[in-house]
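Asker: next one to model:
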Amino acid sequence: MRSLIRALLVLVLLVGLGAFFFGSWAGTKWRDHSNTRSTAPVGTTGTIDTEKARERGAEIGEKTAVAASKMEKAIGEASLTTKIKAKMALDDQVKSRAIDVSTTGSTVTLRGTVGSKAEHDRAVSLARDTADVTRVVDELRIER
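Answerer: Residues are numbered from 1 along each chain as shown. Got it, this is the predicted structure:
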């Protein structure tokens, strides 16, 4: 059975290679798109309403500015979150996997469970000592 499958695969491979080489030798391509392109020039007719174009451009510019502002804010929040998580990961007293850090503006919220009061205080301290953090909301629970 295996020899039959191998023979069939070899036959398919040989047919494929033969078709490829025959096409190259004969100078033909599988898809010839040279006849589908138009050589006629393309132009516009009528008049352009420049005032409407300016208004539309201003709308698009305003929407782009709003989107860029939102992106900048989101990137800033993600940056703060990453800084705090990195500080906690590098700290020997804090088990950062058990602490969720979320950022809204410059306010950081800490959620999760810590093993001791010392770990709690250290996690809150690391968050407060991060640049651009104005407020830390402490929702950490101490395991007993």
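Asker: count of neighbours near Ile48?
Answerer: Counted by other C-beta atoms under 10 Å, the residues lying close to Ile48 total 8. The C-beta positions use only the backbone N, C-alpha and C, and glycine is treated the same way.
Asker: which strands and helices sit next to the longest helix along the chain?
Answerer: Longest helix in the chain, counting residues (DSSP state H): helix 50-90. When contacts are defined as 3 or more C-beta pairs under 8 Å, 6 or more residues apart in numbering; DSSP states H and E, helix 50-90 packs onto strand 99-104, strand 107-114, helix 117-128.
Asker: partners of the first one in the sheet?
Answerer: Here strand 99-104 is paired, per DSSP bridges, with strand 107-114 (antiparallel).
Asker: now the longest helix of the chain: how far from the chain's centre is it?
Answerer: With C-alpha atoms, centre = their mean, to the nearest Å as the basis, helix 50-90 stands 14 Å off its chain's centre.
Asker: between helix 117-128 and that helix, find me the angle.
Answerer: 150 degrees (axes from the mean of the first three to the mean of the last three C-alpha atoms, to 10 degrees).
Asker: quick check: mean pLDDT of helix 50-90?
Answerer: The predicted model assigns helix 50-90 a mean pLDDT of 92.
Asker: rewinding a little: I'd like the helices and strands packed on helix 50-90 as TSV, with distance to Leu13 and mean neighbour count appended.
Answerer: Shown next, in TSV, are those (distance: least, C-beta to C-beta, whole Å; neighbours: other C-beta atoms under 10 Å):
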stretch	distance to Leu13	mean neighbour count
strand 99-104	55	18
strand 107-114	58	18
helix 117-128	62	18
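Asker: in TSV: the ones you listed, plus mean pLDDT and distance to Gly57.
Answerer: Converted to TSV, these look like this (pLDDT from 0 to 100; distance: least, C-beta to C-beta, whole Å):
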stretch	mean pLDDT	distance to Gly57
strand 99-104	94	34
strand 107-114	94	37
helix 117-128	94	44
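Asker: need those in a markdown table (columns: distance to Ala7).
Answerer: Converted to a markdown table, those look like this (distance: least, C-beta to C-beta, whole Å):
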| stretch | distance to Ala7 |
| --- | --- |
| strand 99-104 | 61 |
| strand 107-114 | 63 |
| helix 117-128 | 68 |
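Asker: this completes my enquiry, with thanks.
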